[in-house]
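After the sequence you'll find the predicted model.
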2 protein chains.
Amino acid sequence: MEIDVLEGIFDANEKIARENEALFLKNRVFTVNLMASPGAGKTSLIANTLELLRDRLRIGVIEGDIASSVDAEKLKVYDIPVVQINTGGACHLDANMIRQALDHMDLGALDLLIIENVGNLVCPAEFKLGEALRAMILSVAEGHDKPLKYPLMFSDSQVLVVNKTDLLGLGDFDMEELRRVVLRMNPDIVILELSCRTGDGLPGWADWLYDKTKAF
Amino acid sequence: MEIDVLEGIFDANEKIARENEALFLKNRVFTVNLMASPGAGKTSLIANTLELLRDRLRIGVIEGDIASSVDAEKLKVYDIPVVQINTGGACHLDANMIRQALDHMDLGALDLLIIENVGNLVCPAEFKLGEALRAMILSVAEGHDKPLKYPLMFSDSQVLVVNKTDLLGLGDFDMEELRRVVLRMNPDIVILELSCRTGDGLPGWADWLYDKTKAF
């Protein structure tokens, strides 16, 4: 009985996600669903991406949080369209939340839309939003053993950004082991290493994202 | 309709949680529900706690993960009762999972039971397990702005362990700001700072937990 209801929720989400996807396609907006644990660096990566790409692409951001507008405030300085979604307790964004946020965004004026999901390695992976790219961040501070413990997000993302590489060597993070395990689960995933604090690797990420956006 | 079903789930969980609680009381087992983001240091804190307290207390551990037995394996060296729960996708433990795990644990032989919840700052806070103490970890690498973004766990825990204090100064983590915000949300919470890597602050945590266990 309860499983039926859950299936209903997933089906309804899937349907709205497909409608969002059609809308993004029609407007030629490349949409990224950015997922990670709390504090892995989602907002920092977005800020750095804006810094590097806003002269070359028209970018909008949807910020997802359970409460507060802390993240949207941080992006104010960039003077781009930002919509904050407060889920009011829900641990992930869903396609219907995105549809409602799109009422406040002019898709015709965008090339790239970055959606920052709620900080959570679990539930966001289960709800498609209509995105063209599923991106996740793992921070070096979290440890290299996370793929085995949170398999869905690692197996379902198209790009894994390993952030906070400036912390490599301080703990026992094993990059080779991470790559080995992730590529076994998801052979096509692109793995990029960077540090939002030092800037190392950021141009590579920005160029990669620029090419993906232009090819859309 | 869907809300009714959810309320049903929460009610059923509440009922089983109370039964677990009664069982812990009857057996005089002090039970800790340990919650945090992925990679904040839950398993490391448990390992260090075992190191410091296993000669003074009889300790058991229940490990909760979506998949794998990575964490339980890490605790093998301590030769204590460990039960691994795999939630098979669920983003939190619930009271019924704990009840089932207790079939594999001799409560009469324990003083302290530590339950490591699934790495997630959101959903675990919504499901009581029957615990006497709700403890959470925030790692310095996650940033001091998390209480505003994940309010339930911070307002509902009785102790906040700030881990990875060896990373203070490398980023912009503001401990005073964190304390101010958390204490405004939850004036009775105990905040302890430590580093599982350097060992700083661990004896203070162990002594505090020992006293709580003995007073139960």
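Great, that's in hand.

When you work out contacts or count neighbours from here on, use the C-alpha atoms and nothing else.
Fine.

so what's the backbone phi/psi at the nearest residue in space to A:Arg179 that is not next to it in sequence?
Nearest residue to A:Arg179 in three dimensions, chain neighbours excluded: A:Ile191, at 7.7 Å (Cα to Cα, 6 or more residues apart in numbering or on different chains). Backbone geometry at A:Ile191, expressed as degrees, to the nearest 10, gives phi -110, psi 120.

Likewise for A:Val162?
Taking degrees, to the nearest 10, you get phi -90, psi 110 for the backbone angles of A:Val162.

Tell me who's in contact with it.
Contact analysis of A:Val162 by Cα atoms under 8 Å, 6 or more residues apart in numbering or on different chains lists A:137-140, A:191-194.

Tell me which residues touch the residue nearest to A:Arg179, please.
Going by Cα under 8 Å, 6+ apart, A:Ile191 touches A:159-162, A:179.

ok, now how distant is it from A:Asp11?
Look at A:Ile191 and A:Asp11: by Cα to Cα, to the nearest Å, they are 31 Å apart.

Over to A:Lys74?
Separation of A:Lys74 from A:Asp11 (Cα to Cα): 35 Å.

Repeat that for A:Ser155.
For A:Ser155, the distance to A:Asp11 - Cα to Cα - is 21 Å.

Could you check which of the two is surrounded by more residues?
Set A:Ser155 next to A:Asp11 and count neighbours by other Cα atoms under 10 Å in any protein chain shown: A:Ser155 wins out with 18 against 12.

Chain neighbours aside, what residue packs nearest to that one?
Among residues not flanking A:Ser155 along the chain, A:Asn186 sits closest, at 5.0 Å (Cα to Cα, 6+ apart).

what residues are up against the one you found?
Shown in contact with A:Asn186 (Cα under 8 Å, 6+ apart): A:154-156.

tell me the SS of the most centrally placed residue in chain A?
The residue lying closest to the centre of chain A (Cα atoms, centre = their mean) is A:Leu34, at 0.3 Å. Here A:Leu34 is recorded as strand under DSSP: H, G, I helix; E, B strand; the rest coil.

Just confirm it contacts A:Arg134, I think it does.
Yes. At 6.4 Å, A:Leu34 counts as touching A:Arg134 under the criterion of Cα atoms under 8 Å.

all strands of chain A, in order?
For chain A, applying DSSP state E gives strands covering A:30-36, A:59-65, A:82-86, A:112-116, A:133-139, A:159-163, A:190-193.

Any chance of TSV for the ones you listed, columns distance to A:Trp208 and mean pLDDT?
Below are these laid out as TSV (distance: least, Cα to Cα, whole Å; pLDDT from 0 to 100):
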stretch	distance to A:Trp208	mean pLDDT
strand A:30-36	13	98
strand A:59-65	15	96
strand A:82-86	23	94
strand A:112-116	13	98
strand A:133-139	12	98
strand A:159-163	10	98
strand A:190-193	10	98
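
okay, the residue nearest to A:Ser155: pLDDT?
Note for A:Asn186: predicted pLDDT of 98.

Against A:Leu178, how distant is it?
Per Cα to Cα, A:Asn186 is found 12 Å from A:Leu178.

Relative to chain B, how far out is A:Gly119?
Distance of A:Gly119 to chain B, computed by Cα to the nearest Cα, to the nearest Å: 8 Å.
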